[in-house]
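Undergrad: prediction below, plus the sequence it came from.
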There are 4 protein chains.
Amino acid sequence: MDAQHEAERSAAALYERDRASQQLGIRIVEVKPGQARVTMKVTADMVNGHEVCHGGYVFTLADSAFAFSCNTYNKSTVAAAASIDFLAPVRAGDELTATASEQWRSRRTGLYEVTVTNQHGERVALFRGRSHQLDGSVTD
Amino acid sequence: MDAQHEAERSAAALYERDRASQQLGIRIVEVKPGQARVTMKVTADMVNGHEVCHGGYVFTLADSAFAFSCNTYNKSTVAAAASIDFLAPVRAGDELTATASEQWRSRRTGLYEVTVTNQHGERVALFRGRSHQLDGSVTD
Amino acid sequence: MDAQHEAERSAAALYERDRASQQLGIRIVEVKPGQARVTMKVTADMVNGHEVCHGGYVFTLADSAFAFSCNTYNKSTVAAAASIDFLAPVRAGDELTATASEQWRSRRTGLYEVTVTNQHGERVALFRGRSHQLDGSVTD
Amino acid sequence: MDAQHEAERSAAALYERDRASQQLGIRIVEVKPGQARVTMKVTADMVNGHEVCHGGYVFTLADSAFAFSCNTYNKSTVAAAASIDFLAPVRAGDELTATASEQWRSRRTGLYEVTVTNQHGERVALFRGRSHQLDGSVTD
């Protein structure tokens, strides 16, 4: 099976079990080996005490993009650590896109960068994730 | 007004507007100046494709603890950046507690550490947040 | 004065006072607005107890690249925070290049990514820095 | 051999080969299992273009403390990643102390926090390091 087919099949299998991403309306727009792009619409229930989107939901979208990108090799892979910089406020009604891209990968560890943009193409957050590969495959 | 009263009043005002924390069942257990402890029960809707709690929800809980702790001085304060290390898997049904503690604070910037534990007292994540103080107060 | 001229002039003024970079043999190869490339040869005195280059020197090179890039607007700017991922061991005799590139900049804060490569073009570290702009200019 | 003896023996073996720490005048004040305290005097050669201590040297001191603390079990262990927040300027002549403390350790990975203070007891930086254990022992 070629790499692109495997990436798509892994992402589909992961998404099918991922109730969190489904419930949040996160959708996969595109996957390639080591890459993924996902979208989410910010709802009124995602707003925090400062009346902007809770940073946790921006992180969650980025983390989903990271998860789909680092599992494209059909090796079960989880997040070991992540960091996020919040660049601009996000509001209810905004349509966010998170684009994850592999920066580096060794035997068990990988580094992924995720850029989160809004519907105007403005960057609202930068995320970096460190992955850890487990035993077992995604599609099992 | 004394510092403890102000901390409680700020947290209550912030929580009242924080639909995200409310919808997730996050509850404030305790606040002190520069500190906050919050809890959340992990639901089946928070589970990801690896059948453990989506890291985004663990982050969100920690981020809420961070928000309540850094707003205890009644100065409107937001997250500029955060990092998280995931130490152990979290499962549906787990009861998580996030405890935030101020490490340092200057005029506009603060650093807060948050430890997330499960119902067995095991640490499942360590979080560090950098805050940025805006103009305006929380209770306005 | 155009932006490129200002970038070069700021970097030159900063470097002239930067005894640390000078003593370590760090040289500026190129600067553009928001960007800088610097090099350093790893000496036997930079080796740690595992007989590879001390991570502190890899960080220092990246941090110098970051400093030169974020000061290219002739506004005195310092590091507020930084993170580094070490990808591959560095040895005495290696010739390292650090390339810094601005990812985002607001009024007082900026984010810069730095890639450190060795003489074979292999990436040995990824660095991200958060800058904070002070009052005053670099060339004063 | 008891844990304290092993910690001291590992640190001594590591330090003996660590030309970088030696050349910088870094000295080990104390080691315990998972912990280390080191000191360094900031020299005129460590000053950067803003006429304060180059952040790279503050990082290097913290990184040495981290290295000595995570190698106290006599298992060869290196830094995988680290982050640092700079809290206050450091000047030539300052005497810095870095105190590293293990936060968490699994089979191959550990997390360590390091606080750097000056001679007045003021905190000048907070550092967090992620360790990765290799095969082999420190004292071999």
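TA: Nice, I can see it.
Undergrad: with adjacent residues omitted, what lies nearest to A:Glu30?
TA: A:Arg37 (4.5 Å; Cβ to Cβ, 6 or more residues apart in numbering or on different chains). To be clear about C-beta, it is placed using only N, CA and C from the backbone, and glycine gets the same treatment.
Undergrad: quick one: mean pLDDT for stretch A:70-85?
TA: Averaged across stretch A:70-85, pLDDT comes to 97.
Undergrad: typo on my end, stretch A:100-118
TA: For stretch A:100-118, the mean confidence score works out to 97.
Undergrad: is any residue of that stretch near chain C?
TA: Yes. Stretch A:100-118 reaches chain C (Cβ under 8 Å from any Cβ of the partner chain) through A:Gln103, A:Trp104, A:Ser106, A:Leu111.
Undergrad: pull the contacting residues for the second one.
TA: Shown in contact with A:Trp104 (Cβ atoms under 8 Å, 6 or more residues apart in numbering or on different chains): A:Gly110, A:Leu111, C:Asp85, C:Leu87, C:Arg123, C:Leu126.
Undergrad: again, but for the first one
TA: A:Gln103 makes contact with A:Gly110, A:Leu111, A:Tyr112, A:Glu113, C:Leu126 under the criterion Cβ under 8 Å, 6+ apart.
Undergrad: which one of those is nearest to A:Ile26?
TA: Ranked by distance to A:Ile26 (Cβ to Cβ), these are led by A:Tyr112 at 16.5 Å.
Undergrad: quick check: angle from the helix or strand the closest one falls within to strand C:109-117?
TA: Per DSSP states H and E, A:Tyr112 falls inside strand A:109-117. Between the axes of strand A:109-117 and strand C:109-117, defined by axes from the mean of the first three to the mean of the last three Cα atoms, to 10 degrees, the angle is 150 degrees.
Undergrad: what strands line up against strand A:109-117, and which way round?
TA: strand A:95-105 (antiparallel), strand A:123-133 (antiparallel) (DSSP bridges).
Undergrad: just say which of these is most tucked in.
TA: Ranked by mean neighbour count, the strands paired with strand A:109-117 are led by strand A:123-133 with a mean of 21 (mean count of other Cβ atoms under 10 Å in any protein chain shown).
Undergrad: if we can go back for a sec, bridged to the residue nearest to A:Glu30, which residues?
TA: Beta-bridge partners, per DSSP bridges, of A:Arg37: A:Glu30, A:Thr99.
Undergrad: that one contacts A:Ile26, correct?
TA: No. Contact criterion Cβ atoms under 8 Å: A:Arg37 and A:Ile26 do not qualify, at 11.1 Å.
Undergrad: comparing these two, which residue is more hemmed in?
TA: A:Ile26 (24 against 20; other Cβ atoms under 10 Å in any protein chain shown).
Undergrad: ok, the residue lying closest to that one once chain neighbours are set aside to A:Ala20 distance?
TA: Excluding the flanking residues, the one nearest A:Ile26 by Cβ to Cβ, 6+ apart is A:Met40, at 4.8 Å. Applying Cβ to Cβ, to the nearest Å, the value for A:Met40 to A:Ala20 is 11 Å.
Undergrad: figure out the helix or strand that A:Thr67 lives in.
TA: For the record, residue A:67 is Ala, not Thr. Going by DSSP H and E, A:Ala67 is in helix A:55-70.
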